[in-house]
Each structure stands twice: as structure tokens, then as C-alpha cells.
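Student: Take this sequence and fold it.
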Amino acid sequence: MKTTKIEWTDKTWNPITGCSKISQGCVHCYAEVMSRRLKAMGQKKYANEFQLTLHEDCLKEPFLWKNPHTIFVCSMSDLFHKDVPFEFIDKVMQTIRETPQHRYQLLTKRAERMADYFHTRETPRNAWLGVTVECKTSKTRIDCLRQLNAPIRFLSCEPLIEDLGELNLDNIDWVIVGGESGPAARPMKEDWVLSIQEQSEEQGSAFFFKQWGTWGSDGIKRSKHKNGKLIKGRVCQAMPA
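Tutor: Numbers count the residues shown, from 1 in each chain. Purely as a prediction, here's the structure:
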């Protein structure tokens, strides 16, 4: 488990690494690039590079953190990948239950499998459930999420690669938005972001804008650090209650 620069969390925990592409948001996967880099650096955990790998020896890592943390689970994979047995997910959930001082954020692009899993199991009281919604075709994931019982249900619209149009945010507590980064990043338009922000505020969902990414609000390509995270001159990073 390690400290992270992801602004909506403060730690990452990866009992699984590696994944496979299933949607447009996966095209320029940051985790795949990072896995190659970590393997080249000789890190044993990434010996299989981006092949799906279960790390039984990492299941107890959160017990080492006594102070409360917000923990993004499987930032380098997808907990609900079809090749992850439910029995292994059970072990992850057991760790979550036994470390109630932490808040865990479970984010997936495989919303139907997450719904199948929790159909027969209770969600830990300290686990937030989320789905990635990067384009219109992925909006169906929201319906899978909203039916689940969880203290916080959230959307990650990152990388946002097109206008999502009308959103039904019923039973959605939090919406994160961010643009894509990297040399081949696809641009994100300001109108798309403002539309999500307006709908979130109207429907009572906390709105968190992470970054513009490689393309600025003015449509110019530059360093993501120079493009920053301002919307109309303001930082908009609300957290759910």
C-alpha cells in the first residue's frame, strides 16, 4: 500500500495487478504503462507486467495502517475482472471489514459483475462503490450501481472522452470528472464538464473536478500541470457527506 497523488483518495492498495481492455476508457490505460515501467525497474510484484495477477501476500497490508485512511482498492487492476474468483474478492472484503478505521473505494468498469457479487453478499459498511462512466455507452453501468446498497455510490467520469448528455444521478452520491493525460490523450471539452457539474448540483450529487489533463479548457495541448484543475477560475472538489 502506498501514498498516491490521486486527489480524491490518499492511499492505494493493490491485492490484484494487471487487467484487460473492455471499453474506450481503457485505450490509453495509465496502469498498463506504469506496470511496464515498474517491471523494468525490477519490482517483483510486476514481474508479470500487466497480466492479471492475484497477490495473496498483500491481503493484510491495510492492517499495518493504524491511522484512518481513504484507500483506492486495485488502482492497478479491476477487482471485478472476470478472471478474479469471487472467493478471492471475499478475502478482500474480509480485510475491509476487519479494518473499520479505513474507508475503501472500489471502482470498476465491470458493473454487472460487481452487481452479481453483491447480490448474494453484504457490502462492508466502510466500502464505497463506484463505476467508471467515460462515454455514453458506459452510462448503463450507473443503473447497475444505483441498485446496490453502499454508504457511498460514486461515478468516475475519467477520462471523459465525450459529452455524456442527460444523466440520471438518482442514488449517486459523488461524481468525479477528469481529462485524459499522456502524449496520445483525447481532448475533453469545457461544455461536457459544465454539463456534468450542473446536473450533479441539480440532483444533489457532490461534484469533484480532478484535472483538465493534457488538453486545457481552452483546447490547447500542454502539460497537465499547466492546464491545472480550475473551472471558470474555481477549484470544484466537493466530497460526499
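Student: Kindly tell me how buried the residue nearest to residue 77 when sequence neighbours are not counted is, as a neighbour count.
Tutor: Nearest residue to residue 77 in three dimensions, chain neighbours excluded: residue 16, at 4.2 Å (C-beta to C-beta, 6 or more residues apart in numbering). The C-beta positions use only the backbone N, C-alpha and C, and glycine is treated the same way. By the measure other C-beta atoms under 10 Å, the count of residues near residue 16 is 24.
Student: What of residue 8?
Tutor: By other C-beta under 10 Å, 18 other residues sit near residue 8.
Student: That one contacts residue 207, correct?
Tutor: No: look at residue 8 against residue 207 with C-beta atoms under 8 Å: they stay out of range, at 11.5 Å.
Student: Which parts of this structure are helices?
Tutor: 30-40, 86-98, 111-119, 140-146, 190-203, 224-227 (DSSP state H).
Student: Would you mind naming the residues that bridge with residue 206?
Tutor: On the basis of DSSP bridges, residue 206 takes part in beta bridges with residue 174.
Student: quick one: it from residue 185, how far?
Tutor: Relative to residue 185, residue 206 is positioned 26 Å away (criterion: C-beta to C-beta, to the nearest Å).
Student: Over to residue 226?
Tutor: Separation of residue 226 from residue 185 (C-beta to C-beta) stands at 14 Å.
Student: between the two, who's got more neighbours?
Tutor: Using other C-beta under 10 Å, the more surrounded residue of residue 226 and residue 185 is residue 185, with 17 against 9.
Student: can you tell me which of the helices of the chain comes nearest to residue 61?
Tutor: Of all those, helix 86-98 sits nearest to residue 61, with 8.2 Å by C-beta to C-beta.
Student: in this protein, which spans are strands?
Tutor: 2-3, 11-13, 16-17, 53-54, 70-73, 103-108, 127-132, 153-157, 174-178, 206-211, 230-231, 234-235 (DSSP state E).
Student: Which strands or helices does the third one pack on?
Tutor: Pointing back at strand 16-17 there. Under the contact criterion of 3 or more C-beta pairs under 8 Å, 6 or more residues apart in numbering; DSSP states H and E, strand 16-17 touches strand 53-54.
Student: how far out from the middle of the chain is the strand it packs on?
Tutor: Centroid separation for strand 53-54 versus its chain: 19 Å, with C-alpha atoms, centre = their mean, to the nearest Å.
Student: tell me which strands and helices it is in contact with?
Tutor: Using 3+ C-beta pairs under 8 Å, 6+ apart, strand 53-54 sits against strand 16-17.
Student: so what strands line up beside the strand it packs on?
Tutor: Neighbouring strands of strand 16-17 in its sheet, by DSSP bridges, are strand 53-54 (antiparallel).
Student: Need the contact partners of the strand it pairs with.
Tutor: 15-18, 84, 88 (C-beta atoms under 8 Å, 6 or more residues apart in numbering).
Student: Pairing partners for the residue nearest to the spatial centre of the chain in the sheet, please.
Tutor: By C-alpha atoms, centre = their mean, the chain has its centre lying nearest to residue 107, at 4.4 Å. Beta-bridge partners for residue 107, by DSSP bridges, are residue 130.
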